[in-house]
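Colleague: test case, fold it:
(2 chains)
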Amino acid sequence: MNKFAMGAIVIASTVTAVHAETAVTQWDQFSQSGISAAGPAMDELITTCAPALDGASVLRTIAPSIGIRDSYRLAVSAGKTPDLAYTWPAASVLAGYARVGALAPLDGYYEQYGWDHINDFYRGRNSYEGALYAVPMEQDLMGVYYNKALFAEHGIDLPTTYAEFQAAAETFKSAGIVPVSFGNRGRWPATNTFSLILGLTAGKAAEEAVLFGDTPWTNDSFKLAAESFQAWANDGYFPRGFNGVGYDEANALFLSGNAAMTITGTWVLQDMIRGATDIDLGVFMLPPMKDGIEAGTMWGEGSQWQLSATASGETQDAAAAYLNCLLGDEAKQVWVQKANTVVIGTTPEELAEWGADPVVQEFFTAGLATSENNFYDLHTTLPESVTQVLYPELQLLIGGEATADEFLNKMQTAWELAIANGERWIP
Amino acid sequence: MAGRKFLRPASSHSDFPMSSRISYFFLLPALLLYSVFVVLPILQVVGFSFFDWDNGIIGQFVGLNNYSRLGGDGVFWAALSHNAIWVVLTLAFPLMVGLLLSAILAERKSSTIRWMAAIYFIPRTVPLVVAGIIWGWIYNPLFGLLNFVLDGVGLGNLAGAWLAESNTALLSLNVVGAWTFFGFCVVIYLAAIQSIDPSLYEAAEIDGAKWWRKFRDITVPLLKNSTLFLGLYAAIEAMRFFDLIWVTTQGGPGYATEVLTTHVYKTFFLVGDFGYASVLSVVLLAIVLTLSSISFWVLRSK
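Modeller: Residues are numbered from 1 along each chain as shown, chains lettered A, B, ... in the order given. Okay, the predicted model is just below:
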């Protein structure tokens, strides 16, 4: 064999060896329990989608859902972001990462793989200056998990109006049952609850007028929402000392049958379904809280897949192909069946066809019916500087230590500062 | 006696002098490590504080702009006041309790002293993160041991949401801090008491002094140096603790348990405002260095 042939063989072997050694570093939140407990599905899909990586391997790190936000920010500052990350939030924070060049633009991959199931709402939240920088996956909704047996025992029908919801809460309170289990020691749960109340009191248009327009936070409909949230606390809907109760503790209180309802989202569906061994679990949508407001729920993508701008072209291509597999029709079924996680674009009919848990079907059938009117999750939409004011100020509001006016004034001040600093995201 | 030699003890100054060069050679490794892992990061943070930042990416030099935000930062002043309150409470309780317990213990037989001192010191060996988790459960308003015990002894009206109320949260956490610190005070005071000349107590007894008079007029004055050391140590530690707050309240409810370290953490890791977070770190460093300098100067002059 001549020297050139030998050289070609050596080079080909080296290239193959390098390619085979390519690892796509992946950070995700899919643990086996807690928030985003889709670990079983992710484990299976890594194996299933490995061929899409064309020889590269996945080097995976699981980070807790709440902590991955902070870890990713550190990684951006160090220029050491993982090739692929499933992190949150989108909107303002994602825009910030895109602005400093930490993320790879994905428009080409959207077109190549035809990710048309991701509608304009989600595309807007995952864009910066007209370019797409992330691929959202999970469909996040908020609703009211309820204990069917407790409702039946006390002769309460599912509330279809806010007045009926209030009456139900009062009935449970009188019976010594916690009406709504709620734990806000971690500070973030209140933002979800307030986001839902805000949408059902002020409506989507009013939210957009503030978030994307010039209407101040101190408007009347926002004040009514703040007062309503405070009233829930003052009227004893929540457990004693809720600002000192953990989110998981509150869920456990509900699952143990000691609370009639808990208002949270689909991100804990897996845990709720697995933990409902002592209760008959159901879900309903909270009715509008003000006349003239249309039914809807707080919804969002929860988290999104992002590619690092520092990843090589080859790695980005491999990761995009792998993502396409994770979002494909077969994968969607695995996400539902193994993890009760519903990918954006999944229809209620598909959920029924795949034998999804009845609670999953109930949640998404109701939640997706109002998709045109669904509203914003504040702490995945606002700039971080405003979110870090929202957390403590909400604790003060529902703890009875601040009035609605004081709360909204603080929010307006933080909002104006964020806008002046160029932090506001507009889709 | 002829031929007998008397060996004189070696004197390091006259028989084995070490030149300055050799001394620095032996000090160099430690100095290098200290420079790389302490001095350099401190200088970096100070430098960072003079720049604008965007999501962890350094921007323009802005001089003292970041420092000018301190005056209007209500959270900073609240946090600073909470650190100061923590110092006062720590001086008032674990120090006093430690002093009293050690004074009582010092008069017991030696086996009792050894056992009790070890038992008192156990909380000191518990990491603050673990202590925070344990006490978080004790204080839990739904299933906490504290409320359960209060209900059980007929004091259910005193049960509360200890970490959820602004007027009890900081105090409740300080109890945890005191629980981890008082054993250290006992051990330090015990060692100091045991070095006091017993004849002073004998003389006082002869004069008819009771226990309390001996404690007040002999023990306390003679433990001044130990009290000074513990007080300054507590003050320095009170400025630096973070983990206990973070695993329990994260500075809440509202800002009721916000301290400088949690404010730094949130500004840096959650908001991503590296410039202002660096300013807060510099302020914290200045306070701790000042306290350390005072401590060093006072104790050396004693």
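
Colleague: tell me how far the residue most central in space within chain A lies from A:Val343.
Modeller: Nearest to the mean C-alpha position of chain A, by C-alpha atoms, centre = their mean, lies A:Gly302 at 1.9 Å. According to C-beta to C-beta, to the nearest Å, A:Gly302 stands 11 Å off from A:Val343. In this view, the C-beta of every residue, glycine as well, is placed from N, C-alpha and C.

Colleague: domain-wise, how is chain A divided?
Modeller: With automatic domain parsing as the criterion, the domains of chain A are listed as A:10-138+A:302-346, A:140-299+A:374-420.

Colleague: hmm, back to that, which neighbours do A:Gly302 and A:Val343 share?
Modeller: Common contact partners of A:Gly302 and A:Val343 (C-beta atoms under 8 Å, 6 or more residues apart in numbering or on different chains): A:Glu138, A:Gln139.

Colleague: the residue nearest the centre of chain B: which element?
Modeller: Centroid check for chain B by C-alpha atoms, centre = their mean gives B:Glu237 as the closest residue, at 2.6 Å. Assessed by DSSP states H and E, B:Glu237 sits inside helix B:224-240.

Colleague: can I get that helix in CSV, CA atoms only?
Modeller: Extracted C-alpha coordinates of helix B:224-240, given in CSV (Å, rounded to 0.1, in the frame of the first residue of the first chain):
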residue,chain,number,x,y,z
LYS,B,224,-13.0,40.4,79.5
ASN,B,225,-10.5,39.3,76.8
SER,B,226,-12.6,36.2,76.0
THR,B,227,-15.7,38.2,75.8
LEU,B,228,-14.0,40.7,73.5
PHE,B,229,-12.7,37.9,71.3
LEU,B,230,-16.1,36.2,71.1
GLY,B,231,-18.0,39.4,70.6
LEU,B,232,-15.8,40.4,67.6
TYR,B,233,-15.9,36.9,66.3
ALA,B,234,-19.7,36.9,66.4
ALA,B,235,-19.8,40.3,64.8
ILE,B,236,-17.6,39.1,61.9
GLU,B,237,-19.6,35.9,61.5
ALA,B,238,-22.9,37.8,61.6
MET,B,239,-21.9,39.7,58.5
ARG,B,240,-20.9,36.6,56.5
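
Colleague: thinking again about what came up before, what's the distance between the residue nearest to the centre of chain B and A:Ala366?
Modeller: Between B:Glu237 and A:Ala366 the computed distance is 53 Å (C-beta to C-beta).

Colleague: check B:Gly160 too.
Modeller: 39 Å.

Colleague: ok, these two, which is more surrounded?
Modeller: B:Gly160 (20 against 17; other C-beta atoms under 10 Å in any protein chain shown).

Colleague: show me where the stretch 151-300 of chain A has helices.
Modeller: A:162-174, A:189-202, A:204-211, A:220-234, A:247-255, A:269-275 (DSSP state H, counting those that start in this stretch).

Colleague: looking at those helices, which is closest to B:Ser23?
Modeller: B:Ser23 lies closest, by C-beta to C-beta, to one member of the helices of the stretch 151-300 of chain A: helix A:247-255, at 57.2 Å.

Colleague: could I get the contacting residues of the residue in the stretch 101-250 of chain A positioned nearest to chain B?
Modeller: Nearest to chain B in the stretch 101-250 of chain A, going by C-beta to the nearest C-beta, is A:Gly241, at a distance of 2.4 Å. By C-beta under 8 Å, 6+ apart, the contact list for A:Gly241 reads B:Asn140, B:Pro141, B:Leu142, B:Gly160, B:Ala161, B:Trp162, B:Leu163, B:Ala164, B:Glu165.

Colleague: now do the SS call for the fifth one.
Modeller: Local secondary structure at B:Ala161 is given as coil here, using DSSP: H, G, I helix; E, B strand; the rest coil.

Colleague: wait, it touches A:Gly244, no?
Modeller: Yes: with contact defined as C-beta atoms under 8 Å, B:Ala161 counts as touching A:Gly244 (4.9 Å).

Colleague: out of the two, which sits in the more crowded spot?
Modeller: Under the criterion of other C-beta under 10 Å, the comparison of B:Ala161 against A:Gly244 puts A:Gly244 first, with 31 against 24.

Colleague: count of residues packed around the nearest residue to that one once chain neighbours are set aside?
Modeller: Distance criterion C-beta to C-beta, 6 or more residues apart in numbering or on different chains; nearest residue to A:Gly244, sequence neighbours excluded, is B:Ala164 at 2.9 Å. For B:Ala164, the neighbour count with other C-beta under 10 Å is 27.

Colleague: helices of the stretch 201-302 of chain B, start to end?
Modeller: Under DSSP H, counting those that start in this stretch, the stretch 201-302 of chain B gives helices at B:211-214, B:220-222, B:224-240, B:243-248, B:260-265, B:274-301.

Colleague: return the residues of the stretch 51-200 of chain A in contact with chain B.
Modeller: A:69-70, A:73-74, A:76-78, A:96-97, A:99-100, A:102, A:185-187 (C-beta under 8 Å from any C-beta of the partner chain).

Colleague: would you show me how to pick out the buried ones of those in PyMOL?
Modeller: Applying 16 or more other C-beta atoms under 10 Å in any protein chain shown to those, the buried members can be selected in PyMOL as follows:
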select buried, chain A and resi 69+70+73+76+77+96+97+99+100+102+185+186+187
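
Colleague: re earlier: comparing the helices of the stretch 151-300 of chain A by mean pLDDT, which bottoms out?
Modeller: If you rank the helices of the stretch 151-300 of chain A by mean pLDDT, helix A:269-275 sits at the bottom with a mean of 92.

Colleague: quick one on the thing from earlier: phi, psi of the residue of the stretch 101-250 of chain A closest to chain B?
Modeller: Here is the backbone geometry of A:Gly241 (degrees, to the nearest 10): phi 60, psi 40.
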